[in-house]
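K.L.:
sequence unavailable; structure follows:
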């Protein structure tokens, strides 16, 4: 999905609440396991570039600021489910991990963080998550080492279906060697599509999973996993991206160094750890006028309906391709154009919003068009 500049303009706050970040140095580590589930192998060396990983899962108060700023409605809220993230963010649970969020909700949240700060936030890849979770320990089964989860106070094994998720505060999860509170409490959405045989075919440098799929990966285990094997660093699991559960949460990574934020972003160090408050000042968010100017410039040198449509779409495609989505012109002529959303945009629950953004932009810049329709749904 694209979150357009018009959507981002709805933001009414200049404050972003983020967890502290830890730098994970690039390098080679041994990913996977040959001794556990078949989908965890074959184990082998993988190179991961440097990145910054949030020390905790995203908390309720961090996610709430995003919702308040944009008016965003989560998947569960749009489906009018009995329970949503708000149900479990009451009372003293502001520092607990946000739950009942789909992969699509997590993606929208990271897009907002990126737009507000000018940095590239997203969910971690499987390789990034596992490298970070290992905390520098080669071959250890858990983030904290060889000890069993119950010996270090990991949050798992809750029996039954309690009315309130048996989560703990995000900083009350055992820390690993990188200072990350990781493993147990809530599952964490991963950027990658799931493939049981990914380790046999993926590149061994910065793998990002298959180009498409049915389910997204999740990692880390949760409070209601009865057995501790799910908390192992190599354990892999998956879920449909529109799924919402009481044990599903978010962890964020940043491709840029948050410490380089000055002077555009001022850190308010008065906030209690682990959260820091970012005060944002324009023009960090995308500027719709800049998009319009780019489209107009592209159209100046193109003639013919199809060529002009392609030129306009070329300005918009990069933001779609960042998430492995795209748009294809099926037919153009006689005042009409047929478009097909491809890749991750094809089946995204928010694809209608993406198509509406594309349609509005084309109609604004190409007066010769009278009808724009979507095909291949």
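P.N.:
Everything's here; your move. This structure is a prediction, so every number in the text was calculated from the model and none was measured.
K.L.:
tell me where the stretch 251-377 of the chain has strands.
P.N.:
Using DSSP state E, counting those that start in this stretch, the strands found in the stretch 251-377 of the chain span residues 253-254, 266-268, 275-279, 325-333, 336-343, 371-374.
K.L.:
just name the most buried of these.
P.N.:
Comparing the strands of the stretch 251-377 of the chain by mean neighbour count (mean count of other Cβ atoms under 10 Å), strand 253-254 ranks first with a mean of 21. C-beta here means a position set from N, CA and C on the backbone, and glycine is covered the same way.
K.L.:
can you name every helix or strand that that strand contacts?
P.N.:
On a contact count with 3 or more Cβ pairs under 8 Å, 6 or more residues apart in numbering; DSSP states H and E, strand 253-254 meets strand 51-54, strand 121-122.
K.L.:
quick check: what element follows the longest one along the chain?
P.N.:
Next helix or strand after strand 51-54 toward the C-terminus (DSSP states H and E): helix 60-70.
K.L.:
buried stuff in that next one?
P.N.:
60, 62-67, 69-70 (16 or more other Cβ atoms under 10 Å).
K.L.:
on the three-state scheme, residue 133 is what?
P.N.:
When classified by DSSP: H, G, I helix; E, B strand; the rest coil, residue 133 comes out as helix.
K.L.:
scratch that, residue 189
P.N.:
strand.
K.L.:
who's in contact with it?
P.N.:
The neighbours of residue 189, taking Cβ atoms under 8 Å, 6 or more residues apart in numbering as the test, are 101, 103, 106, 123, 216-218, 248-251.
K.L.:
mind redoing it with 7 Å?
P.N.:
Neighbour list for residue 189: 103, 106, 123, 216, 218, 248, 250 [criterion: Cβ atoms under 7 Å, 6 or more residues apart in numbering].
K.L.:
and for residue 72?
P.N.:
Residues in contact with residue 72 (Cβ under 7 Å, 6+ apart) are 66, 108.
K.L.:
deepest-packed of the helices and strands packed on strand 253-254, please.
P.N.:
Of all the helices and strands packed on strand 253-254, strand 51-54 carries the top mean neighbour count, a mean of 24, counting by mean count of other Cβ under 10 Å.
K.L.:
can you name every helix or strand that that strand contacts?
P.N.:
Judged by 3 or more Cβ pairs under 7 Å, 6 or more residues apart in numbering; DSSP states H and E, strand 51-54 is in contact with strand 21-24, strand 253-254.
K.L.:
show me the shaky parts of the stretch 251-377 of the chain.
P.N.:
Along the stretch 251-377 of the chain, the model assigns pLDDT under 70 to residues 258-290, 322-324, 349-350.
K.L.:
now the stretch 1-150 of the chain
P.N.:
1-17.
K.L.:
where do the strands sit along it?
P.N.:
Per DSSP E, counting those that start in this stretch, the stretch 1-150 of the chain carries strands over the ranges 15-19, 21-24, 27-31, 44-48, 51-54, 121-122.
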